[in-house]
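>>> Give me the fold of what follows.
(one chain, ligands or ions: 1)
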Amino acid sequence: MKRRYFSFTALSLVLASGATMAQTKWDLPTAYPANNFHVENLSHFAQDVDKATGGKLKLTVHANASLFKANEIKRAVQGGQAQIGEILLANFENENPIYGTDGVPFLASSYADSKRLYDAQKPVLEKLLNAQGMKLLYTVPWPPQGIYTKKEIASVADLRGIKWRAYSPATAKVAELIGAQPVTIQAAELSQALATGVIESYMSSGSTGYDSKTYESLKYWYDTQAWLPKDAIIVNKKSFDALDPATQAAVTKAAAEAETRGWALSQEKNDWYKKALAEKGMKIMPPPAKLTADLKQVGDIMLSDWIKKAGPDGEAIIAAYRKSAPAAKK
Ligand code: PCA
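Next up is the predicted model:
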């Protein structure tokens with residue numbers, strides 16, 4: 001009897017310690033390199049979650065599309081192959097135009113405007129992800145998008161016929177409207193595509209130009225500040241719901257902090273990346289007036305197309321965005 005009693009106690013001790021030590025592990029794929037500011041912010045987020053939960057929830061960041069390719073991450077999170085992931089929202093515009101809200105040229109081209117556009121987009125975006133079994137944790141914008149070229153350009157006519165790297169439906173559409181030849185290539189394959197001459201121009205941030213060593217192949221970057229596409233951190237709802245309430249709260253709090261930190265970091269690093277590119281020999285150029293005027297026309301066409309495609313949800317987003325504009329911008 002006595003022995004039995006002891007073994008029962010020992011067993012319950014093991015079970016109790018097992019329960020307190022129970023650890024959940026989540027894979028967190030991202031398509032961008034470990035030294036990119038988004039991924040640094042993501043690692044910071046993962047550490048914050050680890051600390052706040054006393055190691056109960058461990059997030060493993062898989063950088064540079066090593067676990068899933070950029071376009072596969074959303075589906076992986078939806079299907080639970082990865083519990084959490086980082087996606088570029090604009091990549092999924094063909095699935096639903098709402099994902100492409102921040103990819104429309106010149107709709108929001110400053111950090112302040114991008115934040116207002118996000119505020120207008122967020123309720124619809126949350127609803128959309130929720131209906132697909134996911135939850136939005138936070139977003140962070142890429143720095144403003146400019147044009148990388150081999151030679152100096154004065155207008156979009158100078159881009160006609162060139163091999164143009166696209167990373168999203170909208171950047172492919174820009175190519176179509178300016179008469180360039182779009183080739184879709186994600187960030188992880190960009191250096192290779194540049195080095196082998198598969199592409200000779202593209203639109204992106206100083207950040208991706210730096211990560212991909214674009215300065216080794218192209219000479220100019222026109223700071224057109226055309227749009228600021230956002231990365232979003234999304235989590236599988238079932239995985240999130242399976243966490244205890246304290247762990248859920250820790251994730252939500254760390255996500256809110258990562259969002260604030262990420263938006264500030266993006267803006268701060270924008271200047272740093274431009275300087276770094278210049279130090280590597282690139283010419284950082286203000287866009288010539290004709291180029292800006294041409295691109296604005298492209299933006300106008302894309303905005304009206306987008307509003308048509310996005311329907312009432314899109315109209316509501318644009319209305320809320322316009323309504324929140326400071327008086328001088330209305
Ligand atoms: N960098 C990513 C998306 C937008 C950006 O600035 C890329 O070029 O793939």
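>>> for this structure, what spans make up the helices?
In the chain, the helices defined using DSSP state H lie at 2-21, 37-52, 73-79, 111-131, 169-178, 190-195, 206-211, 237-241, 245-279, 289-323.
>>> List the residue ranges of the stretch 201-330 of the chain that fall below the pLDDT cut-off.
Residue ranges of the stretch 201-330 of the chain with pLDDT under 70: 329-330.
>>> what does it put close to the ligand?
Selection of the stretch 201-330 of the chain residues close to the ligand by CB under 6 Å from any ligand atom yields 204-205, 207-208, 229. Where C-beta positions appear, they are placed from N, C-alpha and C, glycine not excepted.
>>> quick one on the thing from earlier: next, format the helices of the chain as TSV and append mean neighbour count.
Below are these laid out as TSV (neighbours: other CB atoms under 10 Å):
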stretch	mean neighbour count
helix 2-21	9
helix 37-52	20
helix 73-79	21
helix 111-131	18
helix 169-178	21
helix 190-195	17
helix 206-211	24
helix 237-241	15
helix 245-279	17
helix 289-323	16
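>>> Dump these to JSON lines, plus distance to G161.
Formatted as JSON lines, those follow (distance: least, CB to CB, whole Å):
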{"stretch": "helix 2-21", "distance to G161": "62"}
{"stretch": "helix 37-52", "distance to G161": "33"}
{"stretch": "helix 73-79", "distance to G161": "33"}
{"stretch": "helix 111-131", "distance to G161": "32"}
{"stretch": "helix 169-178", "distance to G161": "10"}
{"stretch": "helix 190-195", "distance to G161": "18"}
{"stretch": "helix 206-211", "distance to G161": "22"}
{"stretch": "helix 237-241", "distance to G161": "46"}
{"stretch": "helix 245-279", "distance to G161": "26"}
{"stretch": "helix 289-323", "distance to G161": "15"}
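>>> middle-most residue in this protein, spatially?
D231 (1.6 Å; CA atoms, centre = their mean).
>>> ok, now how distant is the spatially closest residue to N91 that is not a sequence neighbour from P141?
By the measure of CB to CB, 6 or more residues apart in numbering, the closest residue to N91 outside its immediate chain neighbours is S168, 5.2 Å from it. Distance of S168 to P141, given as CB to CB, to the nearest Å: 14 Å.
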